[in-house]
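Q: what follows is a predicted structure for the sequence shown.
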Amino acid sequence: MKNKEKMMKKMILIAGPCVIENEELVFKVAQELECFLKDDRIDFYFKSSFDKANRTSINSFRGPGIEKGLEILQKVKDKFGMQILTDIHESSQASIAAEVVDVLQIPAFLCRQTDLLVAAAKTKAKVNVKKGQFLNPEDIKYSVAKILQTRGINKEGFEIAKENGVFVAERGSSFGYGNLVVDMRSLVIMRKYAPVVFDATHSVQMPGANGGSSGGKSEFVEPLARAAASVGVDGFFFETHIDPCKALCDGPNMLDLSRLKNCVNTLLKIQEII
């Protein structure tokens, strides 16, 4: 029975363009990612942001806004039947976004923001909390507890969080200025409290390195993802684009679609072994 349950376990996969640049791009990427939706080994979520409120510069592209952005995400949901994940930055956005999306994502810089976590918890959506670059991995339990207790659950632990649609994401920790490092121990620590998604593309980001925007070294995405898979995580987060060099946000740390597909195939093989 245990072997059968192990075989049935699906890998969470969150993927899509960082921000909604336009409807045409979103649909092109979604069409390329449809192969993951049809894979029985994968629990797939299409990700894109209607607003990137934490860009370095006020001149950076942020997205179409909540009304137009959710309209586009609804079209993706209707056309492809995909589950949708998007970021929220303010408490007032939670209930509005939850009418369309299946997962509300709490950005890393806001992972301790109580009102935002509570607002997300009051919806029927799942909640993905990205661990802040500044946060002790052990302290993610407090963010998870804010969501669970808002939903009337006074217990903690991996299974409790999983049953109640809460998971957490590792995206690296600040290492001096303009650099991140991934401590693989954090994956084990965080998994005591909730299913863990490894955010492979943001983990290679170099905050503020491009003079008003973030840089990154995408050549390290696949090695870090493979390492996380060998440690044992529940899923992966990748930002992807038709042409990362032309992306309006986070291009330097994104994977193009071909690299993403090859990487996911490798991770599935590692998961089978684990």
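A: Here it is on my side, so go on.

Q: can you show me the strands along the stretch 151-274 of the chain?
A: 166-170, 173-174, 180-181, 196-199, 205-206, 215-216, 235-241, 255-256 (DSSP state E, counting those that start in this stretch).

Q: show me what the fifth one is in contact with.
A: When contacts are defined by CB atoms under 8 Å, 6 or more residues apart in numbering, strand 205-206 is touched by residues R171, G172, G178, N179, L180, S214, G215, G216, K217, D250, P252, N253. Bear in mind the C-beta positions are built from the backbone N, C-alpha and C, glycine included.

Q: in helices, which of the residues you listed appear?
A: Secondary structure from DSSP state H places none of the contacts of strand 205-206 in helices.

Q: name the nearest of those relative to Q31.
A: Proximity of the contacts of strand 205-206 to Q31 was ranked by CB to CB; the top entry is D250 with 20.9 Å.

Q: unless I'm mixing things up, that closest one is touching T201, no?
A: Yes. At 7.2 Å, D250 and T201 qualify as touching, with contact defined as CB atoms under 8 Å.

Q: what separation do you get for the nearest residue to V127 once chain neighbours are set aside and T86?
A: Closest residue to V127 apart from its sequence neighbours, by CB to CB, 6 or more residues apart in numbering: A120 at 4.8 Å. Going from A120 to T86 by CB to CB, to the nearest Å gives 11 Å.

Q: show me what counts as buried in stretch 30-41.
A: Residues of stretch 30-41 classed as buried: A30, E32, L33, F36, L37, D39 (neighbour count, 16 or more other CB atoms under 10 Å).

Q: how far away is the most centrally placed residue in the chain from N59?
A: For the chain, F237 is the residue whose C-alpha lies nearest the centre (CA atoms, centre = their mean; 4.7 Å). The gap separating F237 from N59 is 27 Å, by CB to CB.

Q: repeat that for V26.
A: For V26 relative to N59 (CB to CB), the value is 23 Å.

Q: those two: who's more crowded?
A: V26 (21 against 9; other CB atoms under 10 Å).

Q: so that one touches V76, yeah?
A: Yes. Counting by CB under 8 Å, V76 is a contact partner of V26 at 6.3 Å.

Q: about what we covered before: overlap of the contact sets of D250 and T201?
A: Residues touching both D250 and T201 (CB under 8 Å, 6+ apart) are G216, E239.

Q: out of these two, which sits in the busier spot?
A: Set side by side, D250 and T201 show more neighbours around T201, with 27 against 23, by other CB under 10 Å.

Q: hey, what's in contact with both of A120 and T86?
A: The contact sets of A120 and T86 overlap at L104 (CB under 8 Å, 6+ apart).

Q: how about the helices in the chain?
A: Here the chain has its helices, by DSSP H, at 2-8, 23-37, 66-80, 91-97, 114-121, 140-150, 158-163, 185-190, 221-231, 257-273.

Q: just want the angle from the fifth one to strand 166-170.
A: Direction vectors for helix 114-121 and strand 166-170, defined by axes from the mean of the first three to the mean of the last three CA atoms, to 10 degrees, enclose an angle of 130 degrees.

Q: equivalent analysis for the third one, please.
A: Relative orientation of helix 66-80 and strand 166-170, computed by the same axes, to 10 degrees: 100 degrees.

Q: ok, and for helix 66-80, which residues are buried?
A: The neighbour-count check on helix 66-80 (16+ other CB under 10 Å) flags I66, G69, L70, I72, L73, V76, K77, F80 as buried.

Q: now the residue nearest to the first one when sequence neighbours are not counted. Its backbone dihedrals?
A: Spelled out, it's I66. Among residues not flanking I66 along the chain, F50 sits closest, at 5.2 Å (CB to CB, 6+ apart). Dihedral pair for F50: phi -80, psi -20, per degrees, to the nearest 10.

Q: so who does F50 touch?
A: Residues counted as contacts of F50 (CB under 8 Å, 6+ apart) are 19-20, 63-66, 68-70, 72-73, 86-87, 97.

Q: and if we set it to 6 Å?
A: Each residue near F50 by CB atoms under 6 Å, 6 or more residues apart in numbering is listed here: I20, G63, I66, G69.

Q: got it, and E34?
A: Contacts of E34 by CB under 6 Å, 6+ apart are F80.

Q: hang on, the earlier thing: include distance to E272 when you put the strands of the stretch 151-274 of the chain into CSV, please.
A: Formatted as CSV, the strands of the stretch 151-274 of the chain follow (distance: least, CB to CB, whole Å):
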stretch, distance to E272
strand 166-170, 21
strand 173-174, 29
strand 180-181, 28
strand 196-199, 17
strand 205-206, 29
strand 215-216, 30
strand 235-241, 15
strand 255-256, 22
